[in-house]
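Engineer: heads up, no residue letters with this:
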């Protein structure tokens, strides 16, 4: 299994090692006063102060101006992202709308994994349809149609630029919340979210900050955003750039604003139906980090179900594990949404 996982994880030849950057300009664009420290040349202190301020008021961090230009053409929903960037392609959010007949007001927002193409998780969305659940498959920031021409992969969502990665995480979350707005305006009240890998992290933050989301399926889980990036087999090109600049512990602190660990307690007191999926041979979300999530859910007495896949991160997408994973998620959604 480990050999199969390694073969799949290393088959791409277009990974590049980009230079380390603090990216305080990306944080300045969020208009948090703490980043004024960047003017003094102390970027590390700027990011640290930004993190402290953001964690103290994450509702403000994930707030956004309502979208006013939703466009549904056939099965394609587009709108201007509430979080603008310097890349025109990335400023338009895209989603595939797959309604199910007689869905009884049930809908899932579906978020694929990092570097998923435009067809990522479309099959899963159609499987949800067969279970009587409509699906809105959203493209996260810098992916597929939103990918800047200068990049071959979705590098700008997860990269060695600390501030841009934070900005990208926030952008994907507010885009999800804008999708919730659209679905609510369509009359949907039984709204769930399903995310895989990076999509799982984004889905977690969105669910933590939007009580309209009544169910969450988190497919591959980790407490801290930095840990899979630092230790994952598929992100070695990213972690390599951090060496000599920051430690894993420091990066965990800087990226805590886009980490599930920071928002777990927001699930307390909510009737959020939750499924946590982890893989025993995961080469990216290492099992030690997934078990931390399971332990924290138990310690906080948060209602949840757990499913363990007997495979790895990349092998989850291979038969028969992809079928097993999809069926487990769809059955949970059908029973709990």
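Structural biologist: Yep, it's here. For clarity, every value in this text was computed on a predicted model and none was experimentally measured. Numbers count the residues shown, from 1 in each chain.

Engineer: tell me the SS of the residue nearest to residue 71 when sequence neighbours are not counted?
Structural biologist: Nearest residue to residue 71 in three dimensions, chain neighbours excluded: residue 78, at 5.0 Å (CB to CB, 6 or more residues apart in numbering). For the C-beta atoms, the positions are set from N, CA and C on the backbone; glycine is no exception. Three-state assignment for residue 78 (DSSP: H, G, I helix; E, B strand; the rest coil): strand.

Engineer: next one: residue 137
Structural biologist: Going by three-state DSSP: residue 137 is strand.

Engineer: equivalent analysis for the one 3 residues further on, please.
Structural biologist: When states are read from three-state DSSP, the local structure at residue 140 comes out as coil.

Engineer: how many neighbours does the nearest residue to it once chain neighbours are set aside have?
Structural biologist: In this structure, residue 140 finds its nearest non-sequential neighbour in residue 172, 4.4 Å apart by CB to CB, 6+ apart. Burial measure for residue 172: 31 neighbouring residues, criterion other CB atoms under 10 Å.

Engineer: which strands and helices sit next to the helix or strand containing residue 179?
Structural biologist: Using DSSP states H and E, residue 179 maps to helix 162-185. On a contact count with 3 or more CB pairs under 8 Å, 6 or more residues apart in numbering; DSSP states H and E, helix 162-185 meets helix 24-28, strand 76-80, strand 92-98, strand 106-111, strand 134-138, strand 190-196, helix 198-209, helix 248-254.

Engineer: chain center to the longest one: distance?
Structural biologist: Yep, that's helix 198-209 we're talking about. 5 Å (CA atoms, centre = their mean, to the nearest Å).

Engineer: show the average pLDDT along that helix.
Structural biologist: Average pLDDT, helix 198-209: 98.

Engineer: quick check: the residue nearest to residue 140 touching residue 203?
Structural biologist: No. Using CB atoms under 8 Å, residue 172 is not in contact with residue 203; the gap is 9.4 Å.

Engineer: quick one: common contacting residues for those two?
Structural biologist: Overlap of the contact sets of residue 172 and residue 203 (by CB atoms under 8 Å, 6 or more residues apart in numbering) consists of residue 111.

Engineer: contact partners for the residue nearest the centre of the chain?
Structural biologist: Geometric centre of the chain, nearest residue: residue 202, 2.5 Å, by CA atoms, centre = their mean. With contact taken as CB under 8 Å, 6+ apart, residue 202 is in contact with 111, 140, 169, 172-173, 176, 195.

Engineer: mind listing what the residue nearest to residue 140 touches?
Structural biologist: Contact partners of residue 172, counting by CB under 8 Å, 6+ apart, are 111, 140-141, 157, 202.

Engineer: between these, which has the most around it?
Structural biologist: Ranked by neighbour count (other CB under 10 Å), the contacts of residue 172 have residue 111 at the top, with 31 neighbours.

Engineer: before we move on, back to that, need the contacts of residue 202 in a markdown table with pLDDT and distance to residue 253, can you?
Structural biologist: Formatted as a markdown table, these follow (pLDDT from 0 to 100; distance: CB to CB, whole Å):
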| residue | pLDDT | distance to residue 253 |
| --- | --- | --- |
| 111 | 98 | 25 |
| 140 | 98 | 24 |
| 169 | 98 | 15 |
| 172 | 98 | 21 |
| 173 | 98 | 20 |
| 176 | 98 | 25 |
| 195 | 98 | 24 |
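
Engineer: closest to residue 66 among those?
Structural biologist: Checking the contacts of residue 202 against residue 66 by CB to CB gives residue 176 as the nearest, at 14.2 Å.

Engineer: could you count how many residues lie near that closest one?
Structural biologist: 29.
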